[in-house]
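Asker: Requesting a structural model of the entry that follows:
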Amino acid sequence: MHAFHKILVLSAHTDDIELGCGATVNKWINEGKEVHYLAFSAAEESVPYPFPKDQLRKEAFQSTAVLGINEQNIQVLKYPVRRFSEYRQHILDDMVKTKTQIQPDLIILPCLKDVHQDHQVVSMEGIRAFKNHSILAYELPWNLYSFKNMCYSLVDDVHMDHKYKALQCYKTQENRPYFNKDFIYGLAKMRGVQVNYAYAECFEMVRWII
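Answerer: Residues are numbered from 1 along each chain as shown. As a prediction, the model looks like this:
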């Protein structure tokens with residue numbers, strides 16, 4: 001990881017990155033790495049009543065601030081939730097544009113086996129746009145039938161606390177079972193036990209260039 005200094009994290013929706021690898025993002029920022037955050041939708045159509053339609057967008061900027069991501073490095077686009085397949089070329093074009101602007105060293109995206117239709121589009125267009133980059137895919141277990149936990153990111157209490165505090169910014173999502181504190185810490189604890197460490201977050205290795 002010492003070879004990677006500029007990291008681009010991709011998500012279909014705001015909150016995916018925080019759920020999948022928020023502790024690792026906080027660790028990387030603490031190590032001095034430059035992290036860029038690109039979400040393709042704030043899911044305006046899915047924001048629960050009585051919140052305003054732009055609430056998830058506001059929560060995303062609050063959450064990423066907790067993780068330590070520079071606000072200038074955050075993009076939240078406006079693709080309609082659950083309809084990404086209609087905009088595949090536009091999404092690919094946005095990725096290529098971002099690649100040119102940022103020139104990242106490492107790409108983080110959803111697991112290629114994620115069953116959510118929007119996540120699938122971001123994954124597949126991501127490996128097209130960044131086929132010459134190292135790519136890791138993060139774990140969202142409620143959307144996965146299988147996951148190859150080939151790469152472990154070791155994180156500690158400070159990183160996990162930042163992840164949980166970041167997720168607490170999403171008041172619109174607090175009733176989701178995967179926002180439960182026991183689940184968030186429990187999954188990280190389970191992954192940590194697998195590698196004899198307190199906590200860990202897992203990734204599949206899509207492509208690794210050394």
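
Asker: Gly22 should be in a strand, yeah?
Answerer: No. Gly22: not assigned to a strand; according to DSSP: H, G, I helix; E, B strand; the rest coil it is helix.

Asker: all strands for the chain, in order.
Answerer: 6-13, 34-41, 74-76, 106-110, 134-138, 151-155, 199-207 (DSSP state E).

Asker: Export those as a markdown table, with columns for mean neighbour count.
Answerer: Any C-beta I mention is one placed from the backbone N, CA and C, and that applies to glycine too. Converted to a markdown table, the strands of the chain look like this (neighbours: other CB atoms under 10 Å):
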| stretch | mean neighbour count |
| --- | --- |
| strand 6-13 | 25 |
| strand 34-41 | 23 |
| strand 74-76 | 17 |
| strand 106-110 | 26 |
| strand 134-138 | 24 |
| strand 151-155 | 19 |
| strand 199-207 | 21 |
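
Asker: who wins for proximity to Gly192 among those strands?
Answerer: strand 199-207 (4.4 Å; CB to CB).

Asker: Kindly calculate the angle that the closest one makes with strand 151-155.
Answerer: Angle of strand 199-207 versus strand 151-155, following axes from the mean of the first three to the mean of the last three CA atoms, to 10 degrees, is 150 degrees.

Asker: May I have the strands that pair with strand 199-207, each with its orientation?
Answerer: strand 134-138 (antiparallel), strand 151-155 (antiparallel) (DSSP bridges).
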